[in-house]
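Asks: Dropping the sequence and predicted coords here.
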There are 4 protein chains.
Amino acid sequence: MNHADNDTQAVKLTGEEVAKHSSRDDCWVIIHGRAYDVTEFMPEHPGGPKIILKYAGKDATEEYAPIHPPDTLDKYLDQSKHLGEVDMKTVEQETKEEDPEEQERQERIKRMPILEQCYNLMDFEAVARRVMKKTAWAYYSSGADDEITMRENHSAFHKIWFRPRVLVDVEKIDTSTTMLGTKVDMPFYVTATALGKLGNPEGEVVLTRGARKHNVIQMLPTLASCSFDEIMDAAEGDQVQWLQLYVNKNRDITKRIIEHAEARGCKGLFITVDAPQLGRREKDMRSKFSDVGSNVQSTSGSDVDRSQGAARAISSFIDPSLQWSDLPWFLSVTKMPIILKGVQRVEDVIRAIGAGVHGVVLSNHGGRQLDTARSGIEILAEVMPELRRLGLDNRIEVFIDGGIRRATDIIKALCLGATGVGIGRPFLYAMSAYGLPGVDRAMQLLKDEMEMNMRLIGCSSVDQLGPDFVDARGLSMHATTVPSDTLGLGVYDPLVGPRESKL
Amino acid sequence: MNHADNDTQAVKLTGEEVAKHSSRDDCWVIIHGRAYDVTEFMPEHPGGPKIILKYAGKDATEEYAPIHPPDTLDKYLDQSKHLGEVDMKTVEQETKEEDPEEQERQERIKRMPILEQCYNLMDFEAVARRVMKKTAWAYYSSGADDEITMRENHSAFHKIWFRPRVLVDVEKIDTSTTMLGTKVDMPFYVTATALGKLGNPEGEVVLTRGARKHNVIQMLPTLASCSFDEIMDAAEGDQVQWLQLYVNKNRDITKRIIEHAEARGCKGLFITVDAPQLGRREKDMRSKFSDVGSNVQSTSGSDVDRSQGAARAISSFIDPSLQWSDLPWFLSVTKMPIILKGVQRVEDVIRAIGAGVHGVVLSNHGGRQLDTARSGIEILAEVMPELRRLGLDNRIEVFIDGGIRRATDIIKALCLGATGVGIGRPFLYAMSAYGLPGVDRAMQLLKDEMEMNMRLIGCSSVDQLGPDFVDARGLSMHATTVPSDTLGLGVYDPLVGPRESKL
Amino acid sequence: MNHADNDTQAVKLTGEEVAKHSSRDDCWVIIHGRAYDVTEFMPEHPGGPKIILKYAGKDATEEYAPIHPPDTLDKYLDQSKHLGEVDMKTVEQETKEEDPEEQERQERIKRMPILEQCYNLMDFEAVARRVMKKTAWAYYSSGADDEITMRENHSAFHKIWFRPRVLVDVEKIDTSTTMLGTKVDMPFYVTATALGKLGNPEGEVVLTRGARKHNVIQMLPTLASCSFDEIMDAAEGDQVQWLQLYVNKNRDITKRIIEHAEARGCKGLFITVDAPQLGRREKDMRSKFSDVGSNVQSTSGSDVDRSQGAARAISSFIDPSLQWSDLPWFLSVTKMPIILKGVQRVEDVIRAIGAGVHGVVLSNHGGRQLDTARSGIEILAEVMPELRRLGLDNRIEVFIDGGIRRATDIIKALCLGATGVGIGRPFLYAMSAYGLPGVDRAMQLLKDEMEMNMRLIGCSSVDQLGPDFVDARGLSMHATTVPSDTLGLGVYDPLVGPRESKL
Amino acid sequence: MNHADNDTQAVKLTGEEVAKHSSRDDCWVIIHGRAYDVTEFMPEHPGGPKIILKYAGKDATEEYAPIHPPDTLDKYLDQSKHLGEVDMKTVEQETKEEDPEEQERQERIKRMPILEQCYNLMDFEAVARRVMKKTAWAYYSSGADDEITMRENHSAFHKIWFRPRVLVDVEKIDTSTTMLGTKVDMPFYVTATALGKLGNPEGEVVLTRGARKHNVIQMLPTLASCSFDEIMDAAEGDQVQWLQLYVNKNRDITKRIIEHAEARGCKGLFITVDAPQLGRREKDMRSKFSDVGSNVQSTSGSDVDRSQGAARAISSFIDPSLQWSDLPWFLSVTKMPIILKGVQRVEDVIRAIGAGVHGVVLSNHGGRQLDTARSGIEILAEVMPELRRLGLDNRIEVFIDGGIRRATDIIKALCLGATGVGIGRPFLYAMSAYGLPGVDRAMQLLKDEMEMNMRLIGCSSVDQLGPDFVDARGLSMHATTVPSDTLGLGVYDPLVGPRESKL
């Protein structure tokens, strides 16, 4: 931490003093024991001024910490506004209101299942949902609009069925593979997800340690709660990490980030291309209204309030004008392989090959951006046969992410031609519920499932997997059923089994 | 208002006097403070004589107002039956019975969510359902028969999935387009829906004001609660309005309506062709039986009662013999562009082009007419490729309506070739729940969604949208699943996640 | 009634006397006030001896009446066993146990909706389910095995969607048509269903009167509760009736039935070909165990009990060896047109044409015989194009039955080529709940729906209907969805709408 | 039983003495009244040492018996560790804790439906679920991962619909057929399922007796609770049995098993090829955690506990390197026909024919191995047309198993080309709930259904069945529906039928 500025101060500030600056025109806040003058900054705050005013003259650390990397203030607030240390003993402790929801959550935490009761990735989600703070859960679990794509992502795998072969020697199973030149123990990587500290006070470094233990790659998010360097520092030995990049409107900042990442040893640059604007996630937005108690109606619907959940607050810097013609510049400023994350149609994969990038991630951003966008696995089934037809399938590495919950999902993706798959939320949930042991067990369970299912499909190493092992004909079918015959179903007298005898 | 007739009366009528005329043979009613002799009119009343008799000798205003435009009495009741003003102080106030349902509704109104809690068009419907009067809700929300088509209308959009393109400059998004020569800010219009005052005491003019604010077009309904002129008067500046027309058996009346509309500046004439008779809507019909308390059984099933909901009461004038050969006459009596509203097969679109009309609305009347009629979006996917094949796609403007709830729905329609889409119920619900601010917010939310999703699909203006951006192969699939295996499903012991520990 | 035998008896029998004969070796029962010696008959009783023994020495009328036509005893019990009249005043009244289920049913009857609250055919079923006796309901409502076909029958219609045409003169709608030479007002007939007195004490004659009123044809069931002549007698004027025939192993009996029917004026002979054995209907079978209270287990599973519901009890006479080569005989013994009821594949329709019969009913016996047999409407869609291809479509009249609940269902069948459709259960339910007024209203509702929907599809008479008006491509699709992802669905946190404010 | 070893002991051991040996380093247990020193064996115990330690120094019979054949100790524990008889009167009776779950189960057993209330195979499952011990139920009823394949197995049959023919003589129905040279009364066999004593104290011999009564074949499981010889001994007369074989890593053991089976008269050797490792069955695994009460969290997720349900405990000997090249050896060591059980793609069936085996069972191991593997019936529909095309369909007998619950399922399989079908769980459930009478009734019900449905499809013997009688086009469709429109469905106001009147 480098909060050394103004640290030469003789006397610490007092809470009383800070508390005087509590208006829109004169606003100080305390963060991590230090005071800052945010009066001028307030209007530019990506999350809106309202949330700052709520803490004017007070200690804002608890709200601030999970959604801002520790170096944020150094980067974005001029040093002259750093007012120095505060004597925290003099700061009035806010007596929190008794929050019945929070009390219930604490009860649920006490009754948490033990880690060994989690047998698959869904189980961590089930536990996380019960023990996470509501707003944190809403941020992680929400998707775009009606969350149809978010759910389709996993559901799509159920449209693919196996054609196993038998009587093959499957005593030894090798689940290792190579991604962008790195040998990994399993064909998945930890994909980038924002705001890790919402789920765990240590944030993304927990995932770093888990990835290390199982020798898989972690992709660092631009919007991490930890700083980039903290996460890089948490890596051990020759552990490989990649960087996910939201491209800033200010390319100097972007360049600085890329160069720093390369200098620190990042082995892949994943440029997000499916998020020119971060999505509307209504579950996330709605979670903010928990404490609204009156029915005062606003007089104008146009004045749409700006507190639209975490996603939009943190993403205003993203450049919506990023385009194909920008790619040569990226290729010129780094030697890291460049991968486009969020490609969604075969035409764009072909164009990406032409542009000279090294890979694509077929992805819809975890269902958080465009609703009724297709799943990565469905796009994969469109892309690979066409690349093979054009002789382009070896020109690029194709990854997918979204909805992967079982080793069978991974195997299906590899059968259809993916180099590997990204997994995001499941590890976040494991981390949120159980910390590093959770992440460790989640990965171990996947490994167990992976070996078992490779064995059962009749393949002893991932290079043996191919389209022959799956029936994916149903994959592109987007069926809804005819709306139900409400009256007819209502009058049907359903069959019941044998009744118990009366005693 | 032009209730000036007989207004020269020296003395006002008294309630006592009116109350004497309370039989089938001698029936007066008070409406808006004036008395009318409806004895002779009663048998012709489209809603049946029963409802009039209920108010014989009494004040009928509350029942009358929402379902009759203010100029109705002038138009349909001979001036000789207008008996003049009543001294309302002398009219006995009916002490309404305590209605527990109404009390619950009033409670729900007190607990209404604030407007900012509505994040999408469905939310307004959720609120309206709770706070509207039961009969009004039933009239707005009901559909034909089993309401299968009504629900399919929205559900059909879920069978269409996006193929977005990435790395396109989407910094500036232009959602404007042109409909029948009018430049509008968004590719939707407020379609015609009847009886606006059931939801809001001001009626359709609320929608006029909302449309103005967002620069979109409003289509005026023949069966409005406000009079045509009231709605036209509510428009401001160069605000464009269209007229929806039910063709009267008496073409003189129809001609008068058309000429008046054109004179008042209407810019489009939408002739409804899917409603030779207004549909059976059982939810609406059933809502009338709320207060039936006895189990006296009628002795004959043939004497089907005539109080079949609002729809049928107000539509007896519609001409069921309207046919293609009538179109030249319409083209001869107006210069307004003529659009056929309710076309449902490609053959009829081609015929419409041949007949020289300027547009069609592919529509099933919001699912209120023929059940298991196809959705507008499905018909569109049948129509446009055929028009393109025949080189006819530029000869006509094609609109659709029905089931549009999300900007993604609008985008899908435009991708498949629609000029624009009509939206009806959602704005009614927004108006019923929150008045103009509701309509305003509903439109603003659509605009926000529209910009966001245009950006995410990779198009910066609506003219870039095309069939290439969607996978609509599943659209024409009308699947029901095999009826459930009740016993088998019943004995299946479903998987459950980790259990909570006991404390 | 012709119980004149032995009626010259001087003194009536007394209850006391009858009561002495109450054992398996000496068993008298009272029916309709007369005593019968059934000792020798008991072992041959199609419903098993057990049920007779239950009433040995007692009055069995209440149990007997609904499931035996009045002429049964004359036909099947030798005159010598007819013991004469009983003085019913001397017969001990059995004090029935208080049956809480029956009491609840009586309560439900008191709260029955009035007839006008029934707006469609499903509504009658909803009411009948509440007010019918449990065993009667079970007999009417049950289907084969898992009742999948029974439900598919109606559900199949939802896979057919309309392509209406507009701007056609539909002022006057003519729903009449001709079936086997008879002009009828609507294109449906009342198909044969057994045991009408289970639902209404008058039995099938109620349907006769309803059919008369609406000028549609009634098909008389072999297994009626009323005698054949009673039902014929109930017809008025030139009312047309058909006969449904289960072919008896004893062809003399069959011949007698056919000749009698022709002599009485029947205009069509519908030979049931889908029921060589009456189906297992578990709901029906299970309803018999209502009063079993002990858990004594039988020691052998092979001794399958014989009380397997009403269906099997009454059908043991049916000839399972009936075959194509029998058809010439039928054609030789009657001039009535012969129709095969229960044909289920196009090959058999073609064979039927070759055999010279006059029609077929594509039917699966209301889903009561073979489960996962296809619906009549689906078979129709297989049959008609093939007949047209072979130029055979005018050689035969093709009917369907099963699952018809809406006029739209009828219209769809006619569009696909049916001459008319049979409707069974809905009229039974209407009769069971409301008697003749129920049947009358049910038919009137169908007529109203029929006119309305003919108008909305753009056809003013049934001969205008054709395949062009429907999209039936989904009809032959028998889809089940992939079994649900229980854990995944369980952890999904569903979206919710705006919450109510706290007051 | 051959526990004769050390039986010459003069004095029996006392419970007190045994109880002294209750630690990991010195561990005795009592089984069936005899003591064993398992100290050295413990680490090798396939079910892990933990479960043994739980009974250290105590009587383990109740836990031991159902999951170990009686000859296990003789086979796997050196005679020197057999310590001799224990005076059971001196063994302290463990006072079991009151287990509310067990008490509830005992209550449910008292209220069990009588056997005659079971009308189909699902009914036995419904009863078994209520009356079986939780862990036994979990072992029998569980499947792999999300149990999608397990449920699909039965569900797949619902995608096949019948095309019955009519007017065929079906008076006499012959359901007999021939499998591997054996004439059987019905075209199914009792397939191998493990651990029969979990459901019934007598174990697999109950099934032997049922199979005998109905003249069908039983396949003996490798993992039976009874010893192989016990089951063979239970056969009567010329009753035919087959052997299911898990191939041991030690081929000497395998050879001994095969030779012994052939010597004892086994008529078929079914080598399981779909289980190189026994599957993860989470329901089974989860059932072990029932009594965990604390929320102590383990500190490492990698130390995955080894108590993973019964399946994995008992299967560690299976050879995962078994391969095609091993087949000649099997063919060389026995004259029994060899059938590969668990083949899942047509390529492997063709290869099996080439390898000279006599049959295949198309099976996914009851859905207990690889999730989203296809159902046997679906594989059959892939296999048979291809074999016919290649002229290979008479070179091999093709069986299927999985999901068969109705005679219609059997008929469908035979129509598509199967020689016969295996049925496993349903008979286990019948046995667990009702013992032999249950198995007897289950088979009788199947026979009744079989005759009925053969009659209704229009075939009097199984050789008449063919592809012509079914429409199986939907079989290979693996559809999921678009994830539900939660908000939209939530605001839809469903239709309701007529309301009851108020009294």
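Replies: Sure thing, it's come through.
Asks: hang on, isn't residue A:203 packed against residue A:224?
Replies: Yes: counting by C-beta atoms under 8 Å, residue A:203 does reach residue A:224; the two are 6.9 Å apart. Using the backbone N, CA and C atoms, a C-beta is placed for each residue, glycine as well.
Asks: what touches both of these two?
Replies: residue A:196 (C-beta atoms under 8 Å, 6 or more residues apart in numbering or on different chains).
Asks: which element is residue A:361 on?
Replies: Residue A:361 is part of strand A:359-362, with elements assigned from DSSP states H and E.
Asks: How far does that strand sit from its chain's centre?
Replies: Distance, stretch centre to chain centre, for strand A:359-362: 17 Å (C-alpha atoms, centre = their mean, to the nearest Å).
Asks: Same question for stretch A:136-152.
Replies: That offset, for stretch A:136-152, works out to 11 Å (C-alpha atoms, centre = their mean).
Asks: sec struct for residue A:51, please.
Replies: With DSSP: H, G, I helix; E, B strand; the rest coil as the basis, residue A:51 sits in helix.
Asks: how close does it get to residue A:68?
Replies: The gap separating residue A:51 from residue A:68 is 12 Å, by C-beta to C-beta, to the nearest Å.
Asks: now do residue A:117
Replies: Counting by C-beta to C-beta - residue A:117 and residue A:68 are separated by 35 Å.
Asks: With residue A:141 instead?
Replies: From residue A:141 to residue A:68 the distance is 21 Å (C-beta to C-beta).
Asks: Between those two, which is the more surrounded one?
Replies: It is residue A:141, of residue A:141 and residue A:68, that has more neighbours when counted by other C-beta atoms under 10 Å in any protein chain shown, with 23 against 19.
Asks: The more buried one touches residue A:126, doesn't it?
Replies: No: using C-beta under 8 Å, residue A:141 is not in contact with residue A:126; the gap is 11.6 Å.
Asks: Just the buried residues of stretch A:99-110, please?
Replies: Of all the residues in stretch A:99-110, those buried under the rule 16 or more other C-beta atoms under 10 Å in any protein chain shown are residue A:105.
Asks: quick one: average confidence on that stretch?
Replies: Stretch A:99-110 carries an average pLDDT of 91.
Asks: mind checking the SS state of residue A:56?
Replies: Residue A:56 ends up coil, using three-state DSSP.
Asks: Same question for the one 10 residues further on.
Replies: Three states are possible here, and by three-state DSSP the one that applies to residue A:66 is helix.
Asks: Which residue is the nearest non-sequential neighbour of it?
Replies: Of all residues not flanking residue A:66 in the chain, residue A:197 sits nearest, at 3.8 Å (C-beta to C-beta, 6 or more residues apart in numbering or on different chains).
Asks: for residue A:57, same thing?
Replies: In space, and not counting its chain neighbours, residue A:57 is closest to residue A:22: 3.1 Å by C-beta to C-beta, 6+ apart.
Asks: Return the distance of the closest residue to chain D within chain A relative to residue A:139.
Replies: Chain D sits closest to residue A:441 of chain A, with a gap of 2.5 Å, by C-beta to the nearest C-beta. In this view, residue A:441 and residue A:139 are 24 Å apart by C-beta to C-beta.
Asks: With residue A:497 instead?
Replies: 44 Å.
Asks: secondary structure element for residue A:239?
Replies: Assigned by DSSP H and E, residue A:239 belongs to no helix or strand.
Asks: Please disregard the earlier target; I meant residue A:253.
Replies: Secondary structure (DSSP H and E) places residue A:253 in helix A:251-264.
Asks: Same question for residue A:384.
Replies: Using DSSP H and E, residue A:384 falls in helix A:376-389.
Asks: Just the angle for the next helix or strand after that helix relative to helix A:376-389, thanks.
Replies: Downstream of helix A:376-389, the next assigned helix or strand under DSSP H and E is strand A:397-401. Between the axes of strand A:397-401 and helix A:376-389, defined by axes from the mean of the first three to the mean of the last three C-alpha atoms, to 10 degrees, the angle is 160 degrees.
Asks: How many residues are close by the residue nearest to residue A:223 when sequence neighbours are not counted?
Replies: With sequence-adjacent residues excluded and distances taken as C-beta to C-beta, 6+ apart, residue A:223 is closest to residue A:194, at 3.6 Å. With neighbours defined by other C-beta under 10 Å, the count for residue A:194 comes to 24.
Asks: how about the residues of chain A near chain C?
Replies: Contact residues (C-beta under 8 Å from any C-beta of the partner chain) of chain A with chain C: A:120, A:122-123, A:125-126, A:129, A:137, A:141, A:146-147, A:151, A:154-155, A:158-159, A:282-283, A:286, A:289, A:292-295, A:405, A:479, A:482, A:485, A:487-488, A:490-493, A:495-496, A:498-499, A:501-502.
Asks: how far is stretch A:201-208 from where the chain is centred?
Replies: Offset of stretch A:201-208 from its chain centre (C-alpha atoms, centre = their mean): 13 Å.
Asks: actually stretch A:149-157, not the one I typed
Replies: Per C-alpha atoms, centre = their mean, the centroid offset for stretch A:149-157 relative to its chain is 16 Å.
Asks: outside of it, which residues touch it?
Replies: A:143-144, A:364, A:366-368, A:370-378, A:402-406, A:408-409, A:412, A:475, C:485, C:488, C:492, D:372, D:480, D:482-483.
Asks: repeat that for 6 Å
Replies: By C-beta atoms under 6 Å, 6 or more residues apart in numbering or on different chains, the surrounding residues in contact with stretch A:149-157 are A:143, A:364, A:367, A:371-373, A:375, A:377-378, A:402-403, A:405, A:409, A:412, C:488, D:480, D:483.
Asks: From the residues you listed, which land in helices?
Replies: Among the contacts of stretch A:149-157, the residues falling in helices (DSSP state H) are A:377-378, A:409, A:412, C:488.
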